[in-house]
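[1] generate coordinates for the sequence data below:
(2 chains)
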Amino acid sequence: MSGDHIHAEPTGFLRKHVFSVDHKVIARQFMWFGLVWLLVGGIMAMMIRWQLAHPGSPVPLIGKLLYPRGDGSVPPDGYNTLFTMHGTIMIFLGLTPLLIGAFGNFCIPLMIGARDMIFPLLNMLSFWTVVLGGLVGFYSLFVPLGAAEGGWTAYPTLSSTIGTPGSGETLWAIAVFLIGASSIMGGINYITTIVRLRAPGMTWSKLPLTIWGMFFTAILNVLFLPVIGSAMILMVLDRSFGTSFYVPATLNQSGGGDPILYQHLFWIFGHPEVYILILPAWGIISDLLSFFARKPAFAYKVTVGAMGAVTVLSAVVYGHHMFTTGMTAMLGESFMLLTMIISVPGEILFFNWLHTLWRGNLRFTTPMLFSMGVIFVFGLGGLTGIYLATISTDIYLHDTYFVVGHFHLTMAASSLFGAFAATYFWFPKMFGKMMSEKLGKLHFWATIIPLTIVFCTMFISGYAGMPRRYYNHTDVDYLRSLQHLNVITSVAAFFLGGAQLIFAFNFIKSRWWGSKASVNPWEVGTLEWTIPSPPPHHNYDTIPTVVTGPHEYSHPALKDRDWISQSEQLPT
Amino acid sequence: MSDLALPLPTESRRARVDATFGMVLFIGSWSMAFATLFLTFLVLRHRQPVWPPEGVVLPSLPLAGLATAVLLASSALLHSAVKRLRAGQPGFAGRWALGLGAGLAFAALQSWLWIDVWEAGGRPDTDMYQGLFYMLTWFHALHVVCGLIALGFIQAGALTGRINAGRATPASSVAIFWHFVDAVWLVLFVSFFAL
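    A predicted model of the protein is given here:
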């Protein structure tokens, strides 16, 4: 198919820039889409933190604009909408398009030596489906009675018509369905492309780890996004057609439904979703750590095996989200044991990363800093996960800020750092311009310090018993003493939010006014760095033949440089 | 996929494997969506003390049985059509047309089944039985409609010659999808009438 012959580049504006089937254009579209939504979700996070630091006082700058009917403070139902839409937007419309949509699309064909994705039209359809999902989600913010208020997990009966009347929650479910459909299309494309379109010589053991991460993510996408899709269909039927799949008998005349059923369906998808977001970041930093330590990635095959083991295990641990739903002791303990087991491959990855760095000739570029940042924040998040995997501690910590801190460090901060590392690293290839290293490093330090404070203070307030999703915790006697802690968290969060303006400035300035990027500015060996920046429409004039592994740095046989391209033979 | 727009007389073996791989992957993925719905069916059914609950409107077994037979026949016809196409034997367009006709007949029988239940007072919100019945048949019917549209496109391609012995993969991919729709119906039929 697309690998066999070169298609001419379309010349019309629409076919070239809007309805393009070129994976590089689609990658950039996904990138802008994800970044804009990250901004929206980020502003919502700032408003949540404002409410927690100063409950009931008017939000500065934007409060009057967003809540014109009151005094500009966040109303209680508005607060529910904020945390619901913050989570939904960040996960489904921010991180997924940025990390998987943009870098999956950009890296897969380039790194395996292909001219495009195997199904270019499906690729375009995948992007426009997520756009449609985003539009539905955005529209739901303006319907009467407000947007979804059931939390990003949308548990019934919070998400039933009794908990959340109005069309907001229904539109939310439709948006999630559409976004899921987009991910399934992407997943089918990624898997087929990686299996079928690798350049000659690009064996499975020469595949860059970035591609392995994307491959495992795509497998989880095609397996588990359909589950949430079906769960959303059932929710829409419950809300709009009067069925009662999730509604127990007392609430509805037909009756007999089961709200816990939804929790099962949600977490069968929801736990793999965590790994859907983290596996690409793991893959990317496994490559970048080796690139910038100028050393081969330690135990390549073990890293791949560990990522594969996590992929398999991620499907059988979801019950740890539901320890407090009254599951039998045997089932609970099984899920606890399986969850503990999944930390083993996680730790193997850690040791491999640390050993890759060990005695390396480290180059502290911005992508390298963010890659090391992933190790740090995922370490914090992973270690606190053990408390939540253990039933006895989880029952106490369940639905507290401890959980909020934990999942933000693992799936939010780690994936975001992975996305930042990837952005700084591939920006020259994507746009043909260099990003400012000075601003990049400033961005890194201005991000990681407040970020650590934000989520570590959440551990403390959560351990002290502060529940999540309370509109005004100062109404509760025993939580009033935690107010100073919440102020610290919020101030750090505002710094964290402000630091992202450095990134936005750097991104926009470099995109249009940055210095021109050379073919291989980072001196690395994967295939995409053998062609011009940005690559031509058809990527490779002739499909390269791969003879060398992706991480042959500082090889003793190399004389005048410490790297070798995957299409070059090592001197003997 | 992009090649559909190009007037290529034949396709490479590689392209054939690529497209079939993608289709099979899609079927594998999408069967998880149906698996979720059937899991829901089993869980909620298990909650009911008697099944089918007393006094519910039952869909007509003879009608559903006839629909099953018709759908199986359409799958068999499409299978034999694709086999003939690949082997270069005549009779593809005719068999495909018969398969398409059987598919349309299934859609008609399915509509009859709904009208039957609806007129007897069965609505999605009357009870759990109806809710599950409508949920599963609606979702399945959505795939029947998509399948019929795809079957129609292949039929048109067969008549204009764009689908031929050297370019059979679009037909075989659509046939795979139709077999999947057929298999899901069998599970649905067994769930509602045999269990």
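[2] any idea how many residues pack against A:V18?
    12 (other C-beta atoms under 10 Å in any protein chain shown). Any C-beta I mention is one placed from the backbone N, CA and C, and that applies to glycine too.
[3] name the SS class of the closest residue to chain A within chain B, please.
    Of all residues in chain B, the one sitting closest to chain A is B:D125 (2.9 Å; C-beta to the nearest C-beta). Put simply, B:D125 is coil when judged by DSSP: H, G, I helix; E, B strand; the rest coil.
[4] what segments of chain B are helices?
    Per DSSP state H, chain B carries helices over the ranges B:13-47, B:61-87, B:92-119, B:128-160, B:169-189.
[5] which one of these has the most crowded surroundings?
    helix B:169-189 (a mean of 20; mean count of other C-beta atoms under 10 Å in any protein chain shown).
[6] now that helix, how far from the centre of its chain.
    Centroid separation between helix B:169-189 and its chain, computed with C-alpha atoms, centre = their mean, to the nearest Å, is 5 Å.
[7] what's that helix packed up against?
    Here helix B:169-189 touches helix B:13-47, helix B:61-87, helix B:92-119, helix B:128-160, going by 3 or more C-beta pairs under 8 Å, 6 or more residues apart in numbering or on different chains; DSSP states H and E.
[8] gap between B:G152 and A:L122?
    The gap separating B:G152 from A:L122 is 21 Å, by C-beta to C-beta, to the nearest Å.
[9] over to A:I48?
    A:I48 is 37 Å from A:L122, where distance means C-beta to C-beta.
[10] where does chain B have low pLDDT?
    The model of chain B has pLDDT under 70 over residues B:1-10.
[11] quick check: most distant residue from the centroid of it.
    Centroid-distance maximum for chain B: B:P49 at 32.2 Å, with C-alpha atoms, centre = their mean.
[12] please enumerate the strands of the stretch 201-350 of chain A.
    For the stretch 201-350 of chain A, no strands are identified by DSSP state E, counting those that start in this stretch.
[13] would you point out which residue of it is nearest chain B?
    Closest residue of the stretch 201-350 of chain A to chain B, C-beta to the nearest C-beta: A:G242 (2.9 Å).
[14] read off the pLDDT value for that residue.
    pLDDT for A:G242: 87.
[15] right, and it touches B:D125 too?
    Yes - contact criterion C-beta atoms under 8 Å: A:G242 and B:D125 qualify, at 2.9 Å.
[16] which one of the helices and strands packed on helix B:169-189 lies closest to A:T548?
    Counting by C-beta to C-beta, A:T548 lies closest to helix B:13-47 out of the helices and strands packed on helix B:169-189; the figure is 25.6 Å.
[17] where in chain A is pLDDT low?
    A:1-5, A:249-255.
[18] in it, which helix has the most residues?
    Using DSSP H, we find that the single longest helix of chain A is helix A:259-293.
[19] what is the orientation angle of that helix with helix B:13-47?
    With axes from the mean of the first three to the mean of the last three C-alpha atoms, to 10 degrees as the basis, helix A:259-293 and helix B:13-47 are set at 140 degrees to each other.
[20] by contact count, what packs against helix A:259-293?
    The contact analysis (3+ C-beta pairs under 8 Å, 6+ apart) places helix A:259-293 against helix A:103-112, helix A:209-240, helix A:300-313, helix A:329-357, helix A:366-389, helix A:415-431, helix B:13-47.
[21] could you point out which element follows the first one?
    Tracing the chain C-terminally past helix A:103-112 and defining elements by DSSP states H and E, one meets helix A:120-139 next.
[22] ok, and what's touching that following helix?
    For helix A:120-139, the external contacting residues (C-beta atoms under 8 Å, 6 or more residues apart in numbering or on different chains) are A:2, A:19-23, A:26, A:29-30, A:33, A:37, A:85, A:88-89, A:92-93, A:97, A:101, A:105, A:117, A:171-172, A:174-179, A:181-183, A:185-186, A:188-189, B:1-2, B:22.
[23] so what's A:D399 up against?
    Listed by C-beta under 8 Å, 6+ apart, the contact set of A:D399 reads A:324, A:467-469.
[24] swap in 10 Å and give it another go.
    With contacts defined as C-beta atoms under 10 Å, 6 or more residues apart in numbering or on different chains, A:D399 is in contact with A:324, A:462, A:467-469.
[25] now, which of those lie within helices?
    Those of these lying in helices (DSSP H): A:G462.
[26] would you list the helices and strands packed on helix A:259-293 in JSON lines and tack on distance to A:P280?
    Output for these, formatted as JSON lines (distance: least, C-beta to C-beta, whole Å):
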{"stretch": "helix A:103-112", "distance to A:P280": "7"}
{"stretch": "helix A:209-240", "distance to A:P280": "5"}
{"stretch": "helix A:300-313", "distance to A:P280": "10"}
{"stretch": "helix A:329-357", "distance to A:P280": "14"}
{"stretch": "helix A:366-389", "distance to A:P280": "11"}
{"stretch": "helix A:415-431", "distance to A:P280": "7"}
{"stretch": "helix B:13-47", "distance to A:P280": "19"}
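[27] which one of those helices lies nearest to A:L65?
    A:L65 lies closest to helix A:415-431 among the helices and strands packed on helix A:259-293, at 26.9 Å (C-beta to C-beta).
[28] export the closest one to CSV, keeping only CA atoms.
    Only the C-alpha atoms of helix A:415-431 are listed here, as CSV (Å, rounded to 0.1, in the frame of the first residue of the first chain):
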residue,chain,number,x,y,z
SER,A,415,2.9,11.3,31.0
LEU,A,416,3.2,15.1,30.8
PHE,A,417,6.9,15.0,31.4
GLY,A,418,7.2,12.3,28.8
ALA,A,419,5.3,14.5,26.4
PHE,A,420,7.5,17.5,27.2
ALA,A,421,10.7,15.4,26.7
ALA,A,422,9.3,14.2,23.4
THR,A,423,8.3,17.7,22.3
TYR,A,424,11.7,19.2,23.1
PHE,A,425,13.4,16.3,21.4
TRP,A,426,11.3,15.9,18.2
PHE,A,427,10.4,19.6,17.7
PRO,A,428,13.4,20.2,15.4
LYS,A,429,12.2,17.3,13.2
MET,A,430,8.6,18.2,13.3
PHE,A,431,8.9,21.9,12.6
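[29] OK, contacts around the nearest residue to B:W51 once chain neighbours are set aside?
    Among residues not flanking B:W51 along the chain, B:R45 sits closest, at 5.6 Å (C-beta to C-beta, 6 or more residues apart in numbering or on different chains). Going by C-beta under 10 Å, 6+ apart, B:R45 touches A:256, B:51-53, B:128-129, B:132, B:191-192, B:195.
[30] return the member of those residues nearest to A:L501.
    Proximity of the contacts of B:R45 to A:L501 (C-beta to C-beta) peaks at B:L132, which lies at 51.6 Å.
[31] I'd guessed that closest one sits against A:F245; true?
    Yes - the criterion here is C-beta atoms under 10 Å, and B:L132 meets it with A:F245 at 7.9 Å.
[32] can you pull the residues that touch both of the two?
    A:256, B:37, B:40-41, B:44.
[33] export the residues you listed to a markdown table and tack on distance to B:L148?
    Formatted as a markdown table, the shared contacts of B:L132 and A:F245 follow (distance: C-beta to C-beta, whole Å):
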| residue | distance to B:L148 |
| --- | --- |
| A:G256 | 34 |
| B:L37 | 21 |
| B:T40 | 26 |
| B:F41 | 25 |
| B:L44 | 30 |
